[in-house]
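Trainee: have a look at this fold, sequence not included:
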């Protein structure tokens with residue numbers, strides 16, 4: 001497999017991180033050898049670079065103009081049209097949507113880190129880039145008219161058979177590097193959350209209700225809702241002393257904070273994730289996390305049972321941590337990649 005990317009967005013490029021991490025096992029177990037070229041080099045060399053490859057994986061920055069992005073993928077698709085080499089598009093964007101729907105028709109497989117549970121959501125038109133920007137537009141009156149992506153969505157349902165669920169940001173280098181901290185350890189803070197966003201950021205529409213709800217929690221609870229930035233080590237120590245971590249949505253539904261909290265031994269409380277499919281799935285209500293309403297109106301009621309029952313809190317937190325640790329293993333990823341290759345063979 002030849003991977004090609006413009007290497008512009010770190011969080012997107014991290015979709016390749018487990019491939020590099022387990023490169024030797026991929027070759028030993030699956031017979032898969034992986035190379036990489038920067039996009040500008042691949043474009044300059046032309047279609048001859050594909051000789052000897054069974055598949056080509058492509059990744060582009062979401063900041064690229066739509067027509068330019070489509071033209072690049074069309075060029076690679078045309079170069080591969082007379083060969084048996086398959087074309088895979090790796091979409092490393094934070095949200096669940098598909099920014100350039102035309103790409104589905106050009107690729108043999110379109111790999112997302114997470115996707116909508118209901119396929120009908122892909123036919124929707126969104127204000128802004130995603131369902132989350134659309135939510136902020138409708139609930140907070142935020143305009144995205146001047147955004148680099150003022151609207152998105154509208155995928156042809158006939159092309160969704162190309163859409164494939166890969167693996168999420170739990171496998172990013174930043175998460176893999178963390179040590180697990182026991183959920184049953186002594187904890188002096190009841191709830192922690194770094195949810196603040198500046199009013200000029202569209203995330204404010206997602207985060208402001210969380211901050212308001214957190215700051216309104218009963219005084220009998222120890223609640224840490226800091227706004228000032230701190231060094232990374234201090235941030236992790238903060239979570240390791242908390243029973244519950246409330247993790248709002250970010251540019252997508254999943255955040256590094258979700259997995260940092262789980263490895264820190266916190267009970268993860270997060271806006272309801274029922275509309276999302278992802279792997280590893282640490283978002284099973286009452287099993288690996290506890291959902292809260294998107295407007296956080298029920299935050300106190302959601303947290304109260306677990307602040308009065310430490311056994312119940314630890315049980316869910318420990319289950320989530322075990323699942324995450326297992327998902328960080330080479331075996332988990334090799335099995336996931338084997339499924340992707342099988343799907344590619346069938347495409």
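Mentor: Cool, got the structure. Just so we're clear, the structure is a prediction, and the values are computed from it rather than from any experiment. Numbers count the residues shown, from 1 in each chain.
Trainee: show me what the helix or strand hosting residue 71 is packed against.
Mentor: Per DSSP states H and E: residue 71 is located in helix 66-80. Judged by 3 or more Cβ pairs under 8 Å, 6 or more residues apart in numbering; DSSP states H and E, the packing partners of helix 66-80 are helix 39-45, strand 55-59, strand 86-91. C-betas here are computed from N, CA, C, even on glycine.
Trainee: make TSV out of these and add mean pLDDT.
Mentor: TSV is the format used below for these (pLDDT from 0 to 100):
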stretch	mean pLDDT
helix 39-45	95
strand 55-59	98
strand 86-91	98
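Trainee: on that earlier part again, what is the mean pLDDT for the helix holding residue 71?
Mentor: For helix 66-80, mean pLDDT is 96.
Trainee: circling back: of all the helices and strands packed on helix 66-80, which one comes closest to residue 190?
Mentor: Taking Cβ to Cβ, strand 86-91 is the member of these nearest to residue 190, at 37.9 Å.
Trainee: what's the angle between that closest one and strand 55-59?
Mentor: Angle between the axes of strand 86-91 and strand 55-59 is 20 degrees (criterion: axes from the mean of the first three to the mean of the last three Cα atoms, to 10 degrees).
Trainee: who does strand 86-91 touch, helix- and strand-wise?
Mentor: Applying 3+ Cβ pairs under 8 Å, 6+ apart, we find strand 86-91 packed against strand 55-59, helix 66-80, strand 109-112.
Trainee: so what are the sheet partners of the last one and their directions?
Mentor: Right, strand 109-112. Using DSSP bridges, the strands paired with strand 109-112 are strand 86-91 (parallel), strand 163-165 (parallel).
Trainee: what does the shortest one rub up against?
Mentor: Put plainly, it is strand 163-165. Applying Cβ atoms under 8 Å, 6 or more residues apart in numbering, the contact partners of strand 163-165 are 98, 104, 109-112, 114-115, 122, 277-279, 340, 343.
Trainee: after it comes which helix or strand?
Mentor: The helix or strand immediately downstream of strand 163-165 is helix 173-176, counting by DSSP H and E.
Trainee: for that next one, what is the average pLDDT?
Mentor: Rounded mean pLDDT across helix 173-176 is 98.
Trainee: helices or strands up against that helix?
Mentor: helix 17-21, helix 256-263.
Trainee: quick one: the helices in this protein?
Mentor: 10-13, 17-21, 23-30, 39-45, 66-80, 131-140, 173-176, 204-215, 232-240, 256-263, 299-307, 310-327, 330-346 (DSSP state H).
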